[in-house]
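**Student:** Fold the following for me, if possible:
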Amino acid sequence: MSRLIVFDVDSTLLSVESLDFAVERALKRVKDGPERAAELSAITEQGMAGLLDFRASLERRLSIARLTERQVDDAAQALRARITSGMAELLERLRAKRFSLAAVSGGFAELIEPALGELGFTKGDIRANRFVFEAGRASDFDRDNPLSRSGGKGPVLASLKAQLGARSAIMVGDGMTDYEAFEAGAADAFIGFGGVTRREAVARKAPAYAEDVEALGRYLLG
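**Tutor:** From the prediction side, this is the model:
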């Protein structure tokens with residue numbers, strides 16, 4: 001049985017929040033675009049700091065976004081160039097040590113899968129939310145997905161660990177939703193990551209905290 005390392009995606013494997021990135025990209029030429037993008041970013045920060053229920057955050061962000069399928073596809077391709085610097089090399093070293101790797105995200109699979117493919121993750125390695133499209137626009141999300149609610153990363157991580165027969169699991173991420181997986185007992189260890197965005201609520205609670213990818217590598221590889 002191997003050790004499983006589970007990575008958050010937004011502001012961890014990627015250097016941006018994928019939904020915010022997609023919205024900002026789509027709204028560049030829209031009259032109220034900057035205001036909508038700023039509102040969405042503020043809601044994201046509240047959710048990641050644990051100040052807003054995650055499902056409420058998701059609902060509010062999606063209502064602001066109003067993304068079309070074409071805009072989602074465009075942003076997904078652009079996100080391939082937003083991989084956190086040094087992360088690809090770290091993942092390569094971890095795989096060389098025979099660690100099992102997975103990506104678990106409160107973001108949307110349609111946005112992040114191409115970028116995660118660049119990092120060597122298959123679709124089977126990825127757990128994320130999914131859009132519900134109506135008339136070519138993202139109008140809702142799959143509400144049965146545990147990742148669409150607060151505390152959802154815990155059961156998803158526990159399921160992955162059992163599926164892979166892993167003897168232990170480490171959760172790596174920047175937000176409180178990542179810490180919750182450890183707090184719930186689904187992860188045996190948690191490493192907070194501040195290499196993209198330092199969230200003080202996470203830094204205070206994390207048993208270990210990496211300020212950058214180099215520090216994260218030291219924690220994971222010893």
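**Student:** going forward, measure contacts between C-alpha atoms and count neighbours the same way
**Tutor:** OK.
**Student:** Show me which strand runs longest in the chain.
**Tutor:** Taking DSSP state E as the criterion, the chain has its longest strand at strand 100-108.
**Student:** Determine the set of other helices and strands touching it.
**Tutor:** Using 3 or more CA pairs under 8 Å, 6 or more residues apart in numbering; DSSP states H and E as the contact criterion, the elements in contact with strand 100-108 are strand 3-7, helix 18-26, strand 126-129, helix 153-164.
**Student:** again, 6 Å this time
**Tutor:** When contacts are defined as 3 or more CA pairs under 6 Å, 6 or more residues apart in numbering; DSSP states H and E, strand 100-108 packs onto strand 3-7, strand 126-129.
**Student:** Send me the longest one as CSV with only the CA atoms.
**Tutor:** The C-alpha trace of strand 3-7 is given here as CSV (Å, rounded to 0.1, in the frame of the first residue of the first chain):
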residue,chain,number,x,y,z
ARG,A,3,1.1,6.9,0.6
LEU,A,4,-1.5,9.1,-1.1
ILE,A,5,-0.8,12.8,-1.6
VAL,A,6,-3.9,14.8,-2.4
PHE,A,7,-3.5,18.3,-3.9
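**Student:** what does that strand contact?
**Tutor:** 99-103, 166-172 (CA atoms under 6 Å, 6 or more residues apart in numbering).
**Student:** what ranges do the strands span in this protein?
**Tutor:** With DSSP E, the ranges of strands along the chain come out as 3-7, 100-108, 126-129, 131-134, 137-141, 168-173, 189-193, 208-210.
**Student:** okay if I get the ones you listed as JSON lines plus mean neighbour count and mean pLDDT?
**Tutor:** Below are these laid out as JSON lines (neighbours: other CA atoms under 10 Å; pLDDT from 0 to 100):
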{"stretch": "strand 3-7", "mean neighbour count": "22", "mean pLDDT": "96"}
{"stretch": "strand 100-108", "mean neighbour count": "22", "mean pLDDT": "97"}
{"stretch": "strand 126-129", "mean neighbour count": "22", "mean pLDDT": "98"}
{"stretch": "strand 131-134", "mean neighbour count": "14", "mean pLDDT": "96"}
{"stretch": "strand 137-141", "mean neighbour count": "17", "mean pLDDT": "94"}
{"stretch": "strand 168-173", "mean neighbour count": "24", "mean pLDDT": "97"}
{"stretch": "strand 189-193", "mean neighbour count": "25", "mean pLDDT": "98"}
{"stretch": "strand 208-210", "mean neighbour count": "20", "mean pLDDT": "98"}
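**Student:** hang on, the earlier thing: now do the longest strand of the chain: distance to the chain's middle.
**Tutor:** Relative to the chain's own centre, strand 100-108 is displaced by 6 Å; criterion: CA atoms, centre = their mean, to the nearest Å.
**Student:** Can you show me the CA trace of it as PDB?
**Tutor:** Extracted in PDB, the C-alpha atoms of strand 100-108 (Å, rounded to 0.1, in the frame of the first residue of the first chain):
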ATOM      1  CA  SER A 100       0.100   8.000  -5.400                       C
ATOM      2  CA  LEU A 101      -1.100  11.500  -6.400                       C
ATOM      3  CA  ALA A 102      -4.600  12.900  -6.800                       C
ATOM      4  CA  ALA A 103      -6.200  16.300  -7.300                       C
ATOM      5  CA  VAL A 104      -9.400  17.200  -5.300                       C
ATOM      6  CA  SER A 105     -11.000  20.600  -6.100                       C
ATOM      7  CA  GLY A 106     -14.000  22.700  -5.200                       C
ATOM      8  CA  GLY A 107     -13.500  24.200  -8.700                       C
ATOM      9  CA  PHE A 108     -15.000  22.800 -11.900                       C
END
